[in-house]
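[1] Next one to model:
(one chain, ligands or ions: 1)
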Amino acid sequence: MVSPKSLPETLRLYPVAPLVVPRECREDVTIDGYCIKKKSRVIVNAWALGRDSKVWSDNAEEFCPERFSNSNVDIKGFDFRLIPFGSGRRGCPGIHLGLTNAKIVLAQLVHCFNWELPLGMSPDELDMTEKFGLTMPRSKHLLAVPTYRLADEIGKQ
Ligand code: HEM
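    As a prediction, the model looks like this:
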């Protein structure tokens, strides 16, 4: 079942860019006891933030869209617990185009086709391991079998 909360939950567990663009520190600063020198490069790990059990509780590794019900955490860079589009002046300028595209493509795929996993495989058996890099694709391709469902609808008319 696709719920409106599936999108933030997907981007929490599988941010497209696991590490946001490095930032350079403009002055010496101490944060949480860590001294960061002027000119140091800081890399923020959005993937690790999304799986921190101190933030997301003990079920941080589970896909659970309901965690965003009654929550004001958003994905637009205003809440540092979830930053799949980065944050601040160098945050992603393509956020709205990216989100709109993702929704349109998913909606078309679900609207036009019925989807099944091959050989009676159950969704629990899917290997969701990621491959790390600049972006974070699945390490194994998703194999799913589409059948065109609109043909049935047209036939009924
Ligand atoms: C779901 C889709 C997308 C995701 C998850 C995404 C994610 C990101 C992230 C994490 C950053 C780094 C932000 C930071 O360091 O604070 C970024 C930067 C950027 N993104 Fe996206 N992006 C997406 C779509 C797009 C699209 C559609 C465009 C353009 C049409 C775009 C253009 C850019 C540009 C130009 C930057 C660099 C901004 C800068 O350094 O000032 N992105 N994006």
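[2] Phe68 against Glu9, yeah?
    Yes: assessed by Cβ atoms under 8 Å, Phe68 is found in contact with Glu9 at 6.4 Å. (C-beta placed from N, C-alpha, C; glycine too.)
[3] so Ala102 sits in a strand?
    No: counting by DSSP: H, G, I helix; E, B strand; the rest coil, Ala102 is not part of a strand but helix.
[4] could we number from 54 for the rest of this?
    Right, with 54 as the first residue, what we last looked at is Ala155.
[5] What residues does it make contact with?
    Applying Cβ atoms under 8 Å, 6 or more residues apart in numbering to Ala155 gives the contacts Leu60.
[6] Pull up the gap between it and Met181, please.
    Here Ala155 is placed at a distance of 18 Å from Met181 (Cβ to Cβ, to the nearest Å).
[7] now Lys156
    21 Å.
[8] before we move on, what about Phe131?
    The value you get for Phe131 to Met181, if Cβ to Cβ is used, is 28 Å.
[9] same check, this time on Phe121
    Counting by Cβ to Cβ - Phe121 and Met181 are separated by 19 Å.
[10] go on, Ile157?
    24 Å.
[11] And for Arg142?
    Counting by Cβ to Cβ, the gap from Arg142 to Met181 is 33 Å.
[12] So which of those two has more stuff around it?
    Neighbour totals were compared for Arg142 and Met181, and Met181 leads with 11 against 5 (other Cβ atoms under 10 Å).
[13] what residues does this protein put near the ligand?
    69-70, 73-74, 137-140, 143-147, 150-151, 155 (Cβ under 6 Å from any ligand atom).
[14] ok, of these, which come out buried?
    Val69, Ala70, Val73, Pro137, Phe138, Gly139, Ser140, Cys145 (16 or more other Cβ atoms under 10 Å).
[15] how about those residues, which pair is most distant?
    Spanning the widest gap among those are Val69 and Ser140, at 14.8 Å by Cβ to Cβ.
[16] Hmm, Arg134 and Val108 touching each other?
    Yes: counting by Cβ under 8 Å, Val108 does reach Arg134; the two are 5.1 Å apart.
[17] Overlap in contacts, the two.
    Common neighbours of Val108 and Arg134 (Cβ under 8 Å, 6+ apart) are Leu102.
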